[in-house]
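> would you be able to build a 3D model of this:
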Amino acid sequence: MAHTTKVIDGDLLMLRIVFPDGTTATVTAGRDGKSVSVVPDDGRIAERLSSIFHWSTDKVGEPGYPFTSLNQVIYGMETLARSAMSVEQFVEGLREVLEVSDRRPTPEVGIRTPSFTVVDLSPSGNGWFVDARFQNGERFKLAINKASIGWAADPPESIRDKEVMRLLSGLKGARGPTDEELALLVMEVANYSSDIAGWLQGLHSAITDELKP
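Numbering: from 1, shown residues only. Below is the predicted model of the structure:
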């Protein structure tokens, strides 16, 4: 699988992806505009990746488009990259992830596909709201606000729910991800989980990966 490095710092958003064969793709968005590079140089792949990236970032915020910020676009790209075995496979899968118009069918081999979990992410007041419905019927609702975190699960489990609150509150209290980044991480892990227990385990793993130097 590809190795990713993500930088989200104020106006700068950068994602660098190193694929198993050594090919490196970098996408950047900032005050100076948006750019895409592929090393070793491959004009065809770079042009396709640039076209998809620019199309999706231009659609951000439009009614009906699922991504409401560049942060979400970068997270979506990173999620796919972690499962791609080559830059060609990544670019093909990206058309589906970012819902590019006139997209072609994407290859299924080697691409991690979401479960039947349905996750909604939406802004809520001064924070974010995540509503996840898993394929086994379990569900949770998470509200991340400026000063607090709210959690409700169906069915409730006291020990597990306390662990969730302890984990999320600890992340929010530390100088870690922003509220939006935390909500995106919760959504990303839920998309590939089949129940709340699996989501919680995946969240622990994702947080560990995020904290690696």
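> not counting sequence-adjacent ones, nearest residue to the spatially most central residue of the chain?
Taking Cα atoms, centre = their mean as the criterion, residue 75 is the residue nearest the geometric centre of the chain, at 3.2 Å. Leaving aside its sequence neighbours, residue 75 sits nearest to residue 184 (Cβ to Cβ, 6 or more residues apart in numbering; 4.7 Å). From N, CA and C alone the C-beta is placed, and that goes for glycine too.
> got a pLDDT number for the one you found?
For residue 184, the pLDDT comes out at 86.
> pretty sure it sits in a strand.
No. Judged by DSSP: H, G, I helix; E, B strand; the rest coil, residue 184 forms no part of a strand; its state is helix.
> kindly check the end-to-end length of stretch 60-70 for me.
Stretch 60-70 has an end-to-end distance of 7 Å (Cα to Cα, to the nearest Å).
> now what about that stretch, what contacts it?
Contacts to stretch 60-70, defined as Cβ atoms under 8 Å, 6 or more residues apart in numbering, come from residues 13, 29, 56-57, 59, 72-73, 76, 98-99, 123, 180.
> could you redo the last one with a cut-off of 7 Å?
13, 29, 56-57, 59, 73, 76, 99, 180 (Cβ atoms under 7 Å, 6 or more residues apart in numbering).
> what's the answer for stretch 181-197, then?
Residues contacting stretch 181-197 (Cβ under 7 Å, 6+ apart): 8, 71-72, 75, 79, 112, 114-115, 117, 119, 121, 128, 130, 132, 134-136, 138, 140, 142, 144, 153, 160, 171-172, 177, 199, 202-203, 206.
> let's see the PyMOL selection covering just the buried ones among these.
To isolate the buried members of the contacts of stretch 181-197 in PyMOL, using 16 or more other Cβ atoms under 10 Å:
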select buried, resi 8+71+72+75+79+115+117+119+121+128+130+132+134+138+140+142+144+153+171+172+177+199+202+203+206
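> so where does residue 205 fall, helix or strand?
According to DSSP states H and E, residue 205 maps onto helix 196-211.
> tally up the residues packed near residue 9, please.
8 (other Cβ atoms under 10 Å).
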